[in-house]
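Asker: please find the sequence and the predicted model below.
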Amino acid sequence: MMGELSVKDKELIRGSWESLGKNKVPHGVIMFSRLFELDPALLSLFHYSTNCDSKQDCLSSPEFLDHVTKVMLVIDAAVNHLDDLHSLEDFLLNLGRKHQAVGVSTQSFTVVGESLLYMLQCSLGQAYTAPLRQAWLNMYSIVVGVMSRGWAKNGDDKAD
């Protein structure tokens with residue numbers, strides 16, 4: 001079952017996303033820059049016409065910026081559905097399957113979570129408080145919990 005967020009968590013998440021959500025790609029780029037600092041090996045998962053040999057190559061590639069946009073839209077969808085996150089379940093299960101298929105490990109989901117928190121901290125400054133951090137972590141773990149189920153199911157299907 002998917003977890004529930006408290007009313008306070010939802011308030012904190014919505015309030016902090018209000019400004020960030022209007023400017024998705026630059027914030028997404030901060031998040032992915034951090035991700036590649038924490039785990040440079042992830043660069044090799046992105047195969048585009050412009051090869052992601054370095055972080056800079058990747059972050060300036062149109063295909064990569066397209067992926068950044070998609071990731072930010074997933075966060076946006078989650079924020080917009082805080083009262084009914086279960087309505088995103090099929091979408092998130094499928095997203096987990098897709099990530100399994102391209103060789104992303106569930107461990108990487110954790111690093112993405114750390115990168116998301118880093119981006120929030122950079123972007124929100126003083127407004128980034130311990131309760132806010134926890135609210136985002138709570139939401140992220142619900143999203144990743146569903147993605148991980150899709151990921152695992154995809155792995156099982158392949159093993160048969």
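Answerer: That came through fine.
Asker: only C-alpha atoms for contact and neighbour calcs from this point on.
Answerer: OK.
Asker: how close does Phe46 get to Gly113?
Answerer: 19 Å (C-alpha to C-alpha, to the nearest Å).
Asker: got it, and Ser6?
Answerer: For Ser6 relative to Gly113 (C-alpha to C-alpha), the value is 20 Å.
Asker: the two: which is more packed in?
Answerer: Per other C-alpha atoms under 10 Å, whichever of Ser6 and Gly113 has more neighbours is Gly113, with 18 against 13.
Asker: residue contacts, that one?
Answerer: Leu137, Tyr140 (C-alpha atoms under 8 Å, 6 or more residues apart in numbering).
Asker: helix, strand or coil for it?
Answerer: helix (DSSP: H, G, I helix; E, B strand; the rest coil).
Asker: quick one: it and Val146, what's the gap?
Answerer: The value you get for Gly113 to Val146, if C-alpha to C-alpha is used, is 14 Å.
Asker: over to Tyr128?
Answerer: 26 Å.
Asker: between these two, which has more neighbouring residues?
Answerer: Here Tyr128 and Val146 are compared on neighbour count by other C-alpha under 10 Å; more neighbours surround Val146, at 23 against 17.
Asker: please, which helix or strand holds Leu117?
Answerer: Applying DSSP states H and E as the criterion places Leu117 in helix 106-124.
Asker: now that helix, how far from the chain's geometric center?
Answerer: Put simply, helix 106-124 sits 8 Å off its chain's centre (C-alpha atoms, centre = their mean, to the nearest Å).
Asker: tell me the mean pLDDT over that helix?
Answerer: Mean pLDDT, helix 106-124: 95.
Asker: quick one: buried residues of whichever helix or strand comes after that helix?
Answerer: Downstream of helix 106-124, the first helix or strand assigned by DSSP H and E is helix 130-159. Across helix 130-159, burial judged by 16 or more other C-alpha atoms under 10 Å covers 132-133, 135-154.
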